[in-house]
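Engineer: I'll drop the sequence and a predicted model, then ask my questions.
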Amino acid sequence: MLVFWKARLVLLAVPKTGTTALEQALLPYADSAILNPPQQKHCTVRRYRNQVQKFFEQRGQRKLELMAVVREPVGWLSSWYRYRARDDIRGSANSTADVSFDEFVDAWLQESPPDFAKVGRQSRFVAEEDGSLGVDHLFRHDQLDRAVTFLEGRINKKLKVGRSNVSPARDVGLSAAMDARLRKEAPEEFALWEHLGGART
């Protein structure tokens, strides 16, 4: 999470959406940064409201606006699945090395997912307590250039954004039955994507 106090903007870091690369480009211009521990770096809207907002916002001043990036739901889950299949965590409770993508999605859909599928939900990350959208500026991962252009305008700096935390390559295919189940049981994820003009597939 990066705070641009003078620009009245907070960049929330939704995991697996390219925000680490954004943070690396933006860090020299940020007024405050929370990069670790991961749970605090990936501060949700609700945690920001409950724990952070009052610290940065002073009475009588304009509120800081929130910004985030989200990813197409199947692609987002695929990125998590591939990331947790890496060799350095093989054999741990978080590893997906020995499960199929269908099994990963099935586990993620459970009310209490096993450790390897505990990755949260994008829709909840960007939601207020009442479930409404809690960010002022929401961008698509596949149109990251628009987010960069927006940021450059807000902080008045030219950015050079690379790539970071790229998930390992792995054949990933979701069966038609599991794809249909995912869309039926997690409609809020797809509704968020479609809200941003993402294709309904």
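Structural biologist: Done, it's in.
Engineer: now the least confident helix or strand in the chain by mean pLDDT, how far from the centre of its chain.
Structural biologist: Each helix and strand of the chain was given a mean pLDDT (mean pLDDT, DSSP states H and E); the minimum falls on helix 38-41 at a mean of 82. Chain-centre distance of helix 38-41: 12 Å, with Cα atoms, centre = their mean, to the nearest Å.
Engineer: can I get it in CSV, CA atoms only?
Structural biologist: Once non-C-alpha atoms are left out, helix 38-41 reads as follows in CSV (Å, rounded to 0.1, in the frame of the first residue of the first chain):
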residue,chain,number,x,y,z
PRO,A,38,2.2,-9.0,3.5
GLN,A,39,-1.1,-8.8,5.4
GLN,A,40,-0.6,-5.1,6.0
LYS,A,41,0.8,-4.5,2.5
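Engineer: quick check: end-to-end length of stretch 65-80?
Structural biologist: Its first and final residues considered, stretch 65-80 spans 28 Å by Cα to Cα, to the nearest Å.
Engineer: what about the residue lying closest to residue 45 once chain neighbours are set aside, neighbour count?
Structural biologist: Nearest in space to residue 45, with sequence neighbours left out and distances taken as Cβ to Cβ, 6 or more residues apart in numbering, is residue 134 at 3.5 Å. (C-beta placed from N, C-alpha, C; glycine too.) Residue 134 is surrounded by 20 other residues when neighbours are defined as other Cβ atoms under 10 Å.
Engineer: next one: residue 145
Structural biologist: Look at residue 145: counted by other Cβ under 10 Å, it has 10 neighbours.
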